[in-house]
Structures are given as structure tokens and as C-alpha cells.
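A.B. asks: let me see the structure of the following:
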Amino acid sequence: MAQPVVSPQARSSAAPQSIPVREILPWAVFALVVGAALLYFVGAEQGATSLFGGTWVHEFTHDGRHLLGFPCH
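C.D. replies: Numbers count the residues shown, from 1 in each chain. So this is what the prediction gives:
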């Protein structure tokens with residue numbers, strides 16, 4: 001079977017597209033806020049810095065705390 005003839009214009013490689021910072025910035029800020037909140041709840045939500053009463057947040061994040069190397073008891 002014969003191969004189709006491809007013009008030189010069709011063979012041009014696709015150039016990488018640049019992504020404007022104004023499109024990335026809101027997602028980067030969102031990821032930073034969510035990451036900081038997760039880090040707080042896993043690493044610091046106990047004792048004097050506790051935002052919620054009781055130990056339910058500590059117990060909920062207990063295994064993650066040990067996995068990430070945070071001391072808890």
C-alpha cells in the first residue's frame with residue numbers, strides 16, 4: 001500500500017504554548033491556602049493553637065501526623 005504524500009507545512013512540529021501567569025496565579029494561591037490549611041490541621045491542631053475544642057481533629061489526622069513525622073504524644 002502506498003504512503004500518502006505529506007506536504008512540508010503539515011510536518012511542522014507543534015510549538016509549546018506559553019501559559020500566562022494571570023491564569024496560573026489564582027490556582028497557585030488556592031493550592032497554597034489549601035496546603036497551608038492541611039499542614040496546620042495535620043501538624044499543629046492541638047494544645048494552645050487549637051481552633052476547635054475537643055480532640056476530634058487530632059484523632060482524625062493522627063495517622064497522617066505520624067506518617068509525616070510530626071510528634072503528637
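A.B. asks: what does the worst-scoring helix or strand of the chain on mean pLDDT rub up against?
C.D. replies: Every helix and strand of the chain was ranked by mean pLDDT, DSSP states H and E. The lowest is helix 56-60, at a mean of 79. For helix 56-60, the surrounding residues in contact (Cβ atoms under 8 Å, 6 or more residues apart in numbering) are 41, 45-46, 50, 65, 72. (Each C-beta comes from the backbone N, C-alpha and C, glycine too.)
A.B. asks: what is the burial count for Arg65?
C.D. replies: Arg65: 20 surrounding residues under other Cβ atoms under 10 Å.
A.B. asks: helix, strand, or coil at the closest residue to it other than its chain neighbours?
C.D. replies: Residue nearest to Arg65 in three dimensions, not counting chain neighbours: Cys72, with 5.0 Å by Cβ to Cβ, 6 or more residues apart in numbering. At Cys72 the chain is in coil, as set by DSSP: H, G, I helix; E, B strand; the rest coil.
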